[in-house]
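Novice: Output the structure for:
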Amino acid sequence: METTSDTPVTPQPDPGPRRLTRSSRDRIIGGVGGGMGRYFGIDPTLVRIGFVALALLGGTGLVVYAAALLLVPLDDEAADAPRSARDRGVAIGVAVALIIAGLVFGSFGFLFGGALVPLGFLVLAGLAVWWLVSGERPSGSPGTVVRRAAQGIGLLIGCGALAVASFFASGLGGGVVVAGIVIAAGAALVAAAFVGGARWLVLPALAIALPLAFVSAAGIDLNGGFGDRTERPATLSELQQSYRLGAGELVVDLRDLELPSGDHPLKVRIGAGHALVLVPDDVCVASSATVGAGGVDVFDRSGGGLDVDWSDGRRAPKDTARLVLEGDVGLGLLEVAHNRSHYDNDHGPWDRYNDANERNAACATAT
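Specialist: Now for the predicted structure:
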């Protein structure tokens, strides 16, 4: 025999839309961070870090916090408690002080907070990295959040070191070894999909793989040494047909060299950096170059981008010397000019375009 209950079911009241309120329990100054964290479902510590970062970046965070302190009401727990005129006066005084501080700090924020702004963003980046590798939202006490941020920053520093090592190892001919490391990391990640525990390998694997891919795509060859080197041949016997540098600045200065009429081939190769060829005013320059990533500037002509094929064929008049330049740049810039002084002033190399002497005037016509 079935029995039924005659007790009526009381419908639950509609909670209504969520309201943004300041927290009366989780508060440091006015409960703005606690209330916003509760409203958006995130840890209040992250909200406070965001306010600090905005405060250091021109004082915006102080003004926003003061506005919230004045306009956003307290939660229901504090609404039932009596609030004295003194409490209201203190709240208004704090808000006014924050607004004034924000205006003052906004004028001088970049002077006083310039060193702290990158630190604030570094902390946020560390928290984001920790969240990515752990899969857990940063929460808990301020000490716990700081510790997790430090762990994320440490992982970022380690990945940066791995990226630099991968770049140089790949450029020096160790691409096969680097590719093997990437494959091993990928295999570990596949295994982790079944047993878990190796999610943190994602960032190191990317830090190794991306420089390897870039070096391979740009054709960067770092063999040939590192640093700054200047070659200044004084006679034809000292002039080599090819100059090479792995990374740095390579300067080939031919201004003291008397080149006889006819063609003189010259090849300049640099893996990463700056290659500069200086020639006398009475020498015609015909140039061609391949650039993985960067640019070419030959007197008043220039080009740049990714996978650049440069060609500026020139003919020399009779009884005029012609330098046939072939450039090979992995990452960087190949430049040809008459005078280096344009590179040593405060305005940079682009000033040479304003100099009438920086032209390939010894050539007859371009073909």
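
Novice: pretty sure Thr45 is touching Arg148, no?
Specialist: No. The criterion here is CB atoms under 8 Å, and Thr45 misses it with Arg148 at 10.4 Å. C-beta here means a position set from N, CA and C on the backbone, and glycine is covered the same way.

Novice: Neighbours of Cys159, how many?
Specialist: By other CB atoms under 10 Å, the residues close to Cys159 number 17.

Novice: One more: Arg147?
Specialist: Neighbour count of Arg147, defined by other CB under 10 Å: 13.

Novice: could you give me the average pLDDT of the helix or strand containing it?
Specialist: Using DSSP states H and E, Arg147 falls within helix 142-171. Helix 142-171 shows a mean pLDDT of 84.

Novice: Which strands or helices does it pack on?
Specialist: helix 44-56, helix 116-134, helix 175-195, helix 202-218 (3 or more CB pairs under 8 Å, 6 or more residues apart in numbering; DSSP states H and E).

Novice: Which parts of the last one count as buried, going by neighbours?
Specialist: Residues of helix 202-218 classed as buried: 203-205, 207-209, 211-212, 214-215, 218 (neighbour count, 16 or more other CB atoms under 10 Å).

Novice: Export it to PDB, keeping only CA atoms.
Specialist: Provided in PDB are the C-alpha atoms of helix 202-218 (Å, rounded to 0.1, in the frame of the first residue of the first chain):
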ATOM      1  CA  VAL A 202      55.400  21.300 -21.700                       C
ATOM      2  CA  LEU A 203      57.200  24.700 -21.200                       C
ATOM      3  CA  PRO A 204      60.800  23.200 -21.200                       C
ATOM      4  CA  ALA A 205      60.000  21.300 -24.400                       C
ATOM      5  CA  LEU A 206      58.700  24.400 -26.100                       C
ATOM      6  CA  ALA A 207      61.700  26.400 -24.900                       C
ATOM      7  CA  ILE A 208      63.900  23.800 -26.600                       C
ATOM      8  CA  ALA A 209      61.800  23.200 -29.700                       C
ATOM      9  CA  LEU A 210      61.000  26.800 -30.700                       C
ATOM     10  CA  PRO A 211      64.700  28.000 -31.000                       C
ATOM     11  CA  LEU A 212      65.500  24.800 -32.900                       C
ATOM     12  CA  ALA A 213      62.700  25.500 -35.400                       C
ATOM     13  CA  PHE A 214      63.700  29.200 -35.800                       C
ATOM     14  CA  VAL A 215      67.400  28.400 -36.400                       C
ATOM     15  CA  SER A 216      66.400  25.800 -39.000                       C
ATOM     16  CA  ALA A 217      63.900  28.000 -40.800                       C
ATOM     17  CA  ALA A 218      66.300  31.000 -40.900                       C
END
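
Novice: by how many degrees do that helix and helix 142-171 diverge?
Specialist: Counting by axes from the mean of the first three to the mean of the last three CA atoms, to 10 degrees, helix 202-218 lies at 30 degrees to helix 142-171.

Novice: what packs against helix 202-218?
Specialist: For helix 202-218, the packing partners by 3+ CB pairs under 8 Å, 6+ apart are helix 116-134, helix 142-171, helix 175-195, strand 284-298, strand 301-312, strand 321-337.

Novice: For Gly248, which of the ones you listed is the nearest?
Specialist: Judged by CB to CB, the one of these that comes nearest to Gly248 is strand 321-337, at 9.5 Å.

Novice: Tell me how many other residues crowd Ile49.
Specialist: Counted by other CB under 10 Å, the residues lying close to Ile49 total 21.

Novice: OK, contacts around the closest residue to Val123 other than its chain neighbours?
Specialist: Using CB to CB, 6 or more residues apart in numbering and skipping the chain neighbours, the partner closest in space to Val123 is Ala149 (4.9 Å). Counting by CB atoms under 8 Å, 6 or more residues apart in numbering, Ala149 makes contact with 123-124, 126-127, 130, 138.

Novice: what's the closest of these to Pro265?
Specialist: Of all the contacts of Ala149, Gly126 has the smallest distance to Pro265: 53.0 Å, by CB to CB.

Novice: could I get the contacts of Ala149 as TSV with distance to Phe167?
Specialist: Formatted as TSV, the contacts of Ala149 follow (distance: CB to CB, whole Å):
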residue	distance to Phe167
Val123	27
Leu124	26
Gly126	23
Leu127	27
Trp130	25
Pro138	31
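
Novice: neighbours around Arg315, how many?
Specialist: For Arg315, the neighbour count with other CB under 10 Å is 13.

Novice: Do I have it right that it meets Ala364?
Specialist: Yes. The pair Arg315 / Ala364 is scored as a contact, 5.0 Å apart, by CB under 8 Å.

Novice: list residues touching both of the two?
Specialist: Joint contacts of Arg315 and Ala364 (CB under 8 Å, 6+ apart) are Cys284.

Novice: so where's the stretch 251-367 of the chain shaky on pLDDT?
Specialist: Where the stretch 251-367 of the chain drops to pLDDT under 70, the residues are 340-357, 365-367.

Novice: one more time with 90, if that's ok
Specialist: For the stretch 251-367 of the chain, applying pLDDT under 90 flags the ranges 256-259, 261-262, 281-282, 299-308, 312-320, 338-367.

Novice: which residues does Arg22 contact?
Specialist: Applying CB under 8 Å, 6+ apart to Arg22 gives the contacts 30-32, 34-35, 68-69, 72-75.
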